[in-house]
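Peer 1: missing the sequence, but the structure's below:
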């Protein structure tokens, strides 16, 4: 089987390495060798062991011997157009590109389905953690009710540093950048956009319908303060950036990204550093958790190559993935969703607050502030609660949901 | 698609419940309804909603409309003979029967392969946790080096009670029996036989070759004492019953079952009560962990039905599972395998022991005993170490491996 790789960055070059290194083993698994016929990249790699670089996409598109193409370019332009053309030309496409899957996966899967091809994307969420395939081929008999994921290693590393070393967000971010875990422009990670794309993919797999990322309320971790961390520690919680998808009260599916208080008794609270973890809950499924390093060149490349192997095993057979096209009514705005909240107030201590537990520190440091844990509230109810508290003479400076009790 | 169920116990009746309850959803996933045509059981179920019970296996074997048969009988007799006849008659078989898969899986998979049928067994390990399919279809591109599993909920519950409540093994076992987590005859669980079958299955999937359960050294948890628990706690370890499969020094695969010291920093140490967890390690895979409730009627039934769905999607197509037949040289006797050990000695304290760290309690309770943590040793080296210590005038009363540092 001849394949091509589009995008020779970290993951793409990892795919080259895995295919070369595990050649004999892959022959046993596929029944035939995997040969890399073309590598598309605008850059030059004069020192590479590979001699099949091209800058012209048509070399891949028009090679009738190439049956499977690995897309590890990232972004949607030109990855979307390239992937579409390849599928229309009868080639299966394997991707690690979460942005593209979240934005155009529905259409690309549809084209693959109509042509008995495959568009597979195990590496798009959780790096080397098998999560996509278990969701569409193992957890299929019962209905999921919730997916909770720690899906971004960078933010989890930052939060872990804040908890374990008492660092501020800014210092922890700098440490993550020094270690190479965060990019110079960390926006996509720390503002939750990366998690948003991943929970969109998991939501579609768990509940069968596409959700739109621009309708997923997304909040990052930049506003988490050392005081929030101190309250969480005092109360037996950790703070994690969570992607949550759930069957909503209004019949649709509600997906959201937010930093949340997670009780230490929940296994998600124990997922530290750059690790990822995903819990799938269902009335009849029992809770299951998938855990591992959510990134990394070779683990992610391994996930891509496992998809290549599966595509080779399924030549002429579309692997059915239930993922219906977007309908507005299937995505909930979450107005009826209730969560308990942690709210921190500054400017004095007030009494007589109802529907909550009040938490104060006995030491000097937090004298002019306090926090509460509320009952489960909708967003509107939370606003009313905060307004009532502020009328008593304090100001809400932080509010975070509680999950996984 | 007409299916049959053989064995209407906990899991078999759960399969009936899941298929009935999720009828509409399953039609969407399979493209056709799943109809239960026969249920084989020697018992009578006059109050059941199902009216298709039979005591005659031939009703299933000779029904040409039945394409898939669920085997939830347990044991190897007559499950082996029945499964084989069904496959030879052109029907796919889905099982939750770990004993049968460990003993005869190689042959049954071979028959399925030759006839473009499927013999699937997701529910045989880890109940509702997806682990079998991820191992053969996700973690395929790189080679695993180790599988570590907490695979038996009963023993994990007992050990958790011993740690959390300071119970003796006997009292914790009694508590597990009262809760329905342990059977009246708990031998298969507490002596490690159940874990042995499961690690045999995982070893074959991870490394591609059958291993024989009677060549898997298997040690249970009956000899774990409150003193061992106290030393573990003092040293920052938990004690877990571990199934371990690893690429051995001699080129084969070494599989073994033993209670082990697991450092609290390892995620396996945090798996408590009846939960199961499996870590798959590989140089290029990154460590991944699968976690969940390892038993339970509906989660396990869901895993069975997910296999049924997959078999329906793969009619006429054998899902390739690399699982070669047993060869003696592929299974290591482990003579060269090294583990660090915890060894507890009674009858006094001796000095001058080399190649180990000595641990003593400062309180009165453990006055006449001490423990050591050794360097990594083979079994022979451990014996020599213990002999040398005993010659100084003490007696080894407990020895446990350390894993997952």
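Peer 2: Thanks, I have the structure now. Just so we're clear, the structure is a prediction, and the values are computed from it rather than from any experiment.
Peer 1: apart from its chain neighbours, what residue comes closest to the residue at minimal distance from the centre of chain A?
Peer 2: With the centre of chain A defined as its mean C-alpha position, the nearest residue by Cα atoms, centre = their mean is residue A:198, 3.0 Å away. Leaving aside its chain neighbours, residue A:198 sits nearest to residue A:151 (4.2 Å; criterion: Cβ to Cβ, 6 or more residues apart in numbering or on different chains). Any C-beta I mention is one placed from the backbone N, CA and C, and that applies to glycine too.
Peer 1: ditto for residue A:176
Peer 2: Residue A:176 sits nearest to residue A:182 (Cβ to Cβ, 6+ apart), 3.8 Å away.
Peer 1: likewise for residue A:303?
Peer 2: residue A:123 (3.9 Å).
Peer 1: what's the burial count for the one you found?
Peer 2: 30 (other Cβ atoms under 10 Å in any protein chain shown).
Peer 1: wait, isn't it in contact with residue A:304?
Peer 2: Yes - using Cβ atoms under 8 Å, residue A:123 is in contact with residue A:304, at 4.7 Å.
Peer 1: where do the contact lists of these two overlap?
Peer 2: Both residue A:123 and residue A:304 are in contact with A:11, A:94, A:95, A:96, where contact means Cβ atoms under 8 Å, 6 or more residues apart in numbering or on different chains.
Peer 1: contacts only, for the last one.
Peer 2: Read that as residue A:96. Contacts of residue A:96 (Cβ under 8 Å, 6+ apart): A:11, A:71, A:72, A:121, A:123, A:124, A:300, A:303, A:304.
Peer 1: kindly report the same for the first one.
Peer 2: By Cβ under 8 Å, 6+ apart, the contact set of residue A:11 is A:72, A:96, A:123, A:297, A:300, A:301, A:304.
Peer 1: let's see it at 6 Å
Peer 2: A:72, A:96, A:300, A:301 (Cβ atoms under 6 Å, 6 or more residues apart in numbering or on different chains).
Peer 1: from the residues you listed, which is closest to residue A:18?
Peer 2: residue A:301 (4.8 Å; Cβ to Cβ).
Peer 1: what mean pLDDT does the helix or strand encompassing residue A:388 get?
Peer 2: When elements are assigned from DSSP states H and E, residue A:388 belongs to helix A:379-391. Across helix A:379-391, the average pLDDT comes to 96.
Peer 1: so what's the one residue in the stretch 301-405 of chain A that gets nearest to chain B closest to, chain neighbours aside?
Peer 2: Proximity of the stretch 301-405 of chain A to chain B (Cβ to the nearest Cβ) peaks at residue A:305, 3.4 Å away. Excluding the flanking residues, the one nearest residue A:305 by Cβ to Cβ, 6+ apart is residue B:141, at 3.4 Å.
Peer 1: next one: residue A:153
Peer 2: Nearest one to residue A:153, counting by Cβ to Cβ, 6+ apart, is residue A:274 at 3.5 Å.
Peer 1: same check on residue A:380?
Peer 2: residue A:335 (7.1 Å).
Peer 1: with residue A:394 instead?
Peer 2: Residue A:394 sits nearest to residue A:345 (Cβ to Cβ, 6+ apart), 4.2 Å away.
Peer 1: related to what we said a few turns ago, now do the helix holding residue A:388: distance to the chain's middle.
Peer 2: 31 Å (Cα atoms, centre = their mean, to the nearest Å).
Peer 1: residues from chain A in reach of chain B?
Peer 2: Counting by Cβ under 6 Å from any Cβ of the partner chain, chain A comes close to chain B at A:18, A:29, A:128-130, A:133-134, A:137-138, A:140-142, A:270, A:284-289, A:291-293, A:296, A:298-299, A:302, A:305-306, A:309-310, A:313, A:320.
Peer 1: mind listing the helices in the stretch 201-350 of chain A by residue range?
Peer 2: Using DSSP state H, counting those that start in this stretch, the helices of the stretch 201-350 of chain A run over A:226-235, A:297-313.
Peer 1: kindly report the same for the stretch 1-150 of chain A.
Peer 2: Under DSSP H, counting those that start in this stretch, the stretch 1-150 of chain A gives helices at A:10-21, A:23-30, A:57-61, A:79-88, A:98-114, A:132-137.
Peer 1: tell me the contacts of residue A:332?
Peer 2: Per Cβ under 6 Å, 6+ apart, neighbours of residue A:332: A:248, A:250, A:252, A:254.
Peer 1: need the max-distance pair from those.
Peer 2: A:250 and A:254 (8.3 Å).
Peer 1: if you count surrounding residues, which of those two has more?
Peer 2: The residue with more neighbours, out of residue A:250 and residue A:254, is residue A:254; 23 against 14, by other Cβ under 10 Å.
Peer 1: please name the bridge partners of the more buried one.
Peer 2: Note on residue A:254: beta-bridge partners by DSSP bridges are residue A:246.
Peer 1: what's the neighbour count on the residue of the stretch 301-405 of chain A closest to chain B?
Peer 2: 30.
Peer 1: what's the first-to-last distance across stretch A:47-64?
Peer 2: Terminal residues of stretch A:47-64 are spaced 28 Å apart (Cα to Cα, to the nearest Å).
Peer 1: now that stretch: average pLDDT?
Peer 2: pLDDT averaged over stretch A:47-64 gives 97.
Peer 1: what does that stretch contact?
Peer 2: A:4, A:16, A:38, A:39, A:40, A:42, A:66, A:82, A:85, A:89.
Peer 1: and if we set it to 7 Å?
Peer 2: A:4, A:16, A:36-42, A:45, A:66, A:69, A:82, A:85-86, A:89 (Cβ atoms under 7 Å, 6 or more residues apart in numbering or on different chains).
Peer 1: quick one, strands of the stretch 201-350 of chain A?
Peer 2: A:237-247, A:253-263, A:275-281, A:288-293, A:339-346 (DSSP state E, counting those that start in this stretch).
Peer 1: Serialize the ones you listed to CSV and add fields for mean pLDDT.
Peer 2: Compiled in CSV, those are given as follows (pLDDT from 0 to 100):
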stretch, mean pLDDT
strand A:237-247, 97
strand A:253-263, 97
strand A:275-281, 95
strand A:288-293, 92
strand A:339-346, 96
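Peer 1: got those strands as CSV, with distance to residue B:211 columns?
Peer 2: CSV is the format used below for those (distance: least, Cβ to Cβ, whole Å):
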stretch, distance to residue B:211
strand A:237-247, 39
strand A:253-263, 39
strand A:275-281, 30
strand A:288-293, 25
strand A:339-346, 48
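Peer 1: returning to what we had before: quick one: neighbours of the residue nearest to residue A:380, just the number.
Peer 2: 12.
Peer 1: with residue A:322 instead?
Peer 2: 17.
Peer 1: please verify my assumption that it contacts residue A:207.
Peer 2: No - contact between residue A:322 and residue A:207 fails when scored by Cβ atoms under 7 Å: they sit 9.2 Å apart.
Peer 1: okay, the helices of the stretch 201-350 of chain A in JSON lines with mean pLDDT and distance to residue B:352 next?
Peer 2: Shown next, in JSON lines, are those (pLDDT from 0 to 100; distance: least, Cβ to Cβ, whole Å):
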{"stretch": "helix A:226-235", "mean pLDDT": "94", "distance to residue B:352": "45"}
{"stretch": "helix A:297-313", "mean pLDDT": "93", "distance to residue B:352": "46"}
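Peer 1: highest average neighbour count across those helices?
Peer 2: helix A:297-313 (a mean of 26; mean count of other Cβ atoms under 10 Å in any protein chain shown).
Peer 1: same for that helix, what does it pack against?
Peer 2: helix A:10-21, helix A:23-30, strand A:66-71, strand A:92-95, strand A:119-120 (3 or more Cβ pairs under 7 Å, 6 or more residues apart in numbering or on different chains; DSSP states H and E).
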